[in-house]
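In: Requesting a structural model of the entry that follows:
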Amino acid sequence: RGLFVGDVLYYYGDGGYKFVPPRKPQPGLGPGYDYDFTNSDVILNRLAVRDGRYVLPDGTSYAVLVLPGEREAHPAVLAKIEQLAAAGGTVIGPKPLRAHGLEGFPESDRRVRELADKLWGDLDGQAKTSRAHGKGRVVWGRTPREVLAEMGIGPDFTAPEEIDFIHRRDGGSDIYFVRNKSASPASPTAVFRIKDREPELWDPVSGEIRPAPVWRRAADGRIEAPLEFAGHGSVFVVFRRAAKDPPAPA
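Out: Numbers count the residues shown, from 1 in each chain. Below you'll find the predicted structure:
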């Protein structure tokens with residue numbers, strides 16, 4: 001239930017040979033952040049920018065749009081990306097040099113170069129890596145993780161490598177499904193990008209709901225909670241109630 005929570009929207013480019021890889025930390029993003037992939041149709045017909053975030057009609061939103069690494073683009077898609085950046089979106093990726101495919105060639109190449117010059121300007125991905133465009137920004141040569149940190153967006157979830165998560169938001173409730181990928185028991189401390197709400201532990205097998213017996217506020221205000229897992233065990237960590245003082249350690 002609820003909407004998926006992710007910080008990064010990856011555009012996987014044009015071409016019938018494009019495939020979405022299995023879910024895992026992406027290069028340059030690393031653990032603790034989640035993401036979605038998108039295609040040309042979504043960018044052209046469903047994606048907008050509101051308050052600096054990329055937004056879909058159902059309300060799902062993302063902080064940044066990451067372009068594919070190849071130096072080609074479809075003119076119509078690049079034109080829409082230019083509009084999204086001008087409206088306040090942050091775009092990360094290299095400057096395209098040519099159009100994808102031969103549709104409309106050579107005018108398509110000219111249009112892509114024109115739009116690329118408008119968006120990337122004098123960026124070279126090395127000496128100069130960021131520039132404003134309208135209300136938004138274009139970045140080339142820096143990782144999504146670096147850009148998110150500059151935007152003040154820390155990891156959504158922090159835990160040892162063997163602990164995985166997915167986060168959804170349902171109205172005023174935040175729901176994390178947290179699982180142990182290892183066959184061995186684990187007792188990690190997890191940090192959630194949630195403030196001013198206390199964690200509840202929902203058992204996905206029995207349905208039991210109980211307050212987290214121990215939790216605390218980290219220095220940056222996020223919520224830390226120790227968790228206990230059997231091998232391949234899992235738990236829902238739900239934040240729906242205003243936080244009171246953390247319980248005293250036993």
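
In: Measure how far the lowest-mean-pLDDT helix or strand in the chain is from the centre of its chain, please.
Out: Taking mean pLDDT, DSSP states H and E as the measure, strand 98-99 is the helix or strand of the chain with the lowest mean score, a mean of 86. Using C-alpha atoms, centre = their mean, to the nearest Å, the mean C-alpha position of strand 98-99 is found 27 Å from that of the whole chain.

In: contact partners of that strand?
Out: Under the contact criterion C-beta atoms under 8 Å, 6 or more residues apart in numbering, strand 98-99 has outside partners 71-75, 105, 108-109, 111-113. Just so you know, the C-beta spots here come from the backbone N, C-alpha and C atoms, and that holds for glycine as well.

In: Buried ones from those, can you make that a ChimeraX selection?
Out: Of the contacts of strand 98-99, the buried ones go into a single ChimeraX selection, burial set by 16 or more other C-beta atoms under 10 Å:
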select :72,73,74,75,108,109,111,112,113
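
In: Among the contacts of strand 98-99, name the ones in strands.
Out: 72-73 (DSSP state E).

In: Export the contacts of strand 98-99 as JSON lines, with columns for pLDDT and distance to Arg169.
Out: What follows is these, written out as JSON lines (pLDDT from 0 to 100; distance: C-beta to C-beta, whole Å):
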{"residue": "Arg71", "pLDDT": "87", "distance to Arg169": "36"}
{"residue": "Glu72", "pLDDT": "89", "distance to Arg169": "36"}
{"residue": "Ala73", "pLDDT": "90", "distance to Arg169": "32"}
{"residue": "His74", "pLDDT": "92", "distance to Arg169": "32"}
{"residue": "Pro75", "pLDDT": "94", "distance to Arg169": "35"}
{"residue": "Phe105", "pLDDT": "75", "distance to Arg169": "44"}
{"residue": "Ser108", "pLDDT": "86", "distance to Arg169": "40"}
{"residue": "Asp109", "pLDDT": "92", "distance to Arg169": "42"}
{"residue": "Arg111", "pLDDT": "95", "distance to Arg169": "39"}
{"residue": "Val112", "pLDDT": "95", "distance to Arg169": "37"}
{"residue": "Arg113", "pLDDT": "96", "distance to Arg169": "40"}
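
In: so which pair among the contacts of strand 98-99 is furthest apart in space?
Out: The span of the contacts of strand 98-99, defined through C-beta to C-beta, is set by Arg71 and Phe105 at 16.0 Å.

In: what's in contact with stretch 137-147?
Out: Contacts for stretch 137-147 (C-beta under 8 Å, 6+ apart): 8, 26, 28-30, 33, 64, 66, 85, 90-95, 119-121, 123-126, 129-131.

In: which of the residues in that stretch are buried?
Out: Result for stretch 137-147 [16+ other C-beta under 10 Å]: buried residues 137-141, 143-145, 147.

In: if I look at the residue nearest to Arg71 when sequence neighbours are not counted, how far off is Leu115?
Out: Once flanking residues are discounted, Arg71 sits nearest to Leu97: 4.4 Å by C-beta to C-beta, 6 or more residues apart in numbering. Computed as C-beta to C-beta, to the nearest Å, the Leu97 to Leu115 distance reads 12 Å.

In: More neighbours: which of the two?
Out: Comparing Leu97 with Leu115 by other C-beta atoms under 10 Å, the one with more neighbours is Leu115, at 19 against 13.
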